[in-house]
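Asker: Okay, structure incoming, though there's no sequence with it:
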């Protein structure tokens, strides 16, 4: 078992909007928000608080970010999320050139520069070089913020984490934790793995799941449902390439299906990103509809419109995931953390109802549950 320390050394694979919100949040809860637990499910997690997270390394491919301190890079274009922390102190970690792999869809290069990715004309690291960078920075937890559809890039950073001896938090809908081969490799290395596809604090998926569960609890038969989302950040622009959407759509759909009393036929459920609206920037608007039958087969429906700033909506959950990974490191626990994955991700290896997942997290934190799926 590792000796617990007062800090958690974190590396970022991708310095986009989600990373910006995470870094701003660490600064916020270390400064003016240090005595304000608003927006956090847990202020203290086995002795670790948000202020204990330290950004020690980061990778990106955009020339507007590479070489800059993370505290400066998080505000560079094309990032467009809300700025809610007035002062983000320098981290001392400069953004290193990352591996492009399949992380940049060709159509992204055709969009205006201020809204899209650009690729620096710099040598890209090998997996071994990226792992060495993580080792030198003493990274304990690497969080993956690659764009949707980045299968190769996600595998690159998962491999680097394994070589560097770091826990891996997969915030994106490329299946690592829910892939038995990856799960076994992390278990064999005794390195924690949490994933896949972060479930926002109060986003479309968790609200949709809650309504589906409410139907089941109240004896209302759910006949059909949809969730349509629009946004104007690079995530939505990236997803205009529908070839990159397969895992994202599957992740969101299974997250909702898992809360139904009986699985819906494919033609009766549609859950997935819908369109890019540039002026929305990082604001995400979700339209959710559920149709069902009440007592006596009498029809009813619910329609809901949800508007949230997308990236801050996930940052508090990311802080919880990172802390859980560090706690597992302290305890020498490797492999998939089933409770944290089910509670905080859309596509965990083991889907649980939300209340069961929360109970599993509490058991994990209490140390009474061998919380690994493989």
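Answerer: Arrived safely. Nothing here was measured: the structure is a model prediction, and the numbers come from that model.

Asker: Tell me the pLDDT of the residue nearest the centre of the chain.
Answerer: Geometric centre of the chain, nearest residue: residue 171, 2.6 Å, by C-alpha atoms, centre = their mean. Here the pLDDT value assigned to residue 171 is 98.

Asker: Please name the nearest non-neighbouring residue to it.
Answerer: Taking C-beta to C-beta, 6 or more residues apart in numbering, and ignoring the residues beside it in sequence, residue 171 has residue 198 as its nearest neighbour in space, at 4.1 Å. (Each C-beta comes from the backbone N, C-alpha and C, glycine too.)

Asker: and what of residue 258?
Answerer: Closest residue to residue 258 apart from its sequence neighbours, by C-beta to C-beta, 6+ apart: residue 351 at 3.9 Å.

Asker: So the one you found lies in a strand, does it not?
Answerer: No: under the criterion used here (DSSP: H, G, I helix; E, B strand; the rest coil), residue 351 is coil, not part of a strand.

Asker: isn't it right next to residue 254, touching?
Answerer: Yes: in this structure, residue 351 is within contact of residue 254 by C-beta atoms under 8 Å, at 6.9 Å.

Asker: What's the local residue count around the residue nearest to residue 171?
Answerer: Applying other C-beta atoms under 10 Å, we find 27 other residues in the vicinity of residue 198.

Asker: Contact partners for it?
Answerer: Residue 198 makes contact with 18, 171, 172, 314, 317, 318, 321, 344, 345, 346, according to C-beta atoms under 8 Å, 6 or more residues apart in numbering.

Asker: Dump these into a markdown table; add distance to residue 133 and secondary structure as well.
Answerer: Putting the contacts of residue 198 into a markdown table (distance: C-beta to C-beta, whole Å; DSSP: H, G, I helix; E, B strand; the rest coil) gives the following:
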| residue | distance to residue 133 | secondary structure |
| --- | --- | --- |
| 18 | 21 | helix |
| 171 | 20 | coil |
| 172 | 20 | coil |
| 314 | 25 | helix |
| 317 | 26 | helix |
| 318 | 21 | helix |
| 321 | 22 | helix |
| 344 | 27 | helix |
| 345 | 26 | strand |
| 346 | 29 | coil |
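
Asker: wait, what's in contact with the residue nearest to the centre of the chain?
Answerer: Neighbour list for residue 171: 18, 143, 144, 145, 195, 197, 198, 314, 318, 321 [criterion: C-beta under 8 Å, 6+ apart].

Asker: Pick the one among the residues you listed closest to residue 329.
Answerer: residue 321 (12.9 Å; C-beta to C-beta).

Asker: The closest one and residue 214, how far apart?
Answerer: 26 Å (C-beta to C-beta, to the nearest Å).

Asker: Which of the two has more residues huddled nearby?
Answerer: The neighbour comparison of residue 321 against residue 214 (other C-beta under 10 Å) goes to residue 321, with 28 against 14.

Asker: Give me the mean pLDDT for stretch 260-269.
Answerer: 92.

Asker: ah, wrong one, I meant stretch 220-231
Answerer: Rounded mean pLDDT across stretch 220-231 is 97.

Asker: I'd say residue 167 and residue 323 touch.
Answerer: No: using C-beta under 8 Å as the test, residue 167 is too far from residue 323 to be in contact (10.8 Å).

Asker: Tell me the secondary structure at residue 95.
Answerer: Under the three-state scheme (three-state DSSP), residue 95 adopts strand.

Asker: Which stretches in the stretch 101-250 of the chain count as strands?
Answerer: In order along the chain, the stretch 101-250 of the chain carries the following strands (DSSP state E, counting those that start in this stretch): 141-144, 167-170, 192-194, 221-231.

Asker: Go ahead and name everything in contact with stretch 274-284.
Answerer: Contact with stretch 274-284 is made by 17, 80-82, 115, 203-204, 228-233, 236-237, 239-240, 307-311, 313, as judged by C-beta under 8 Å, 6+ apart.
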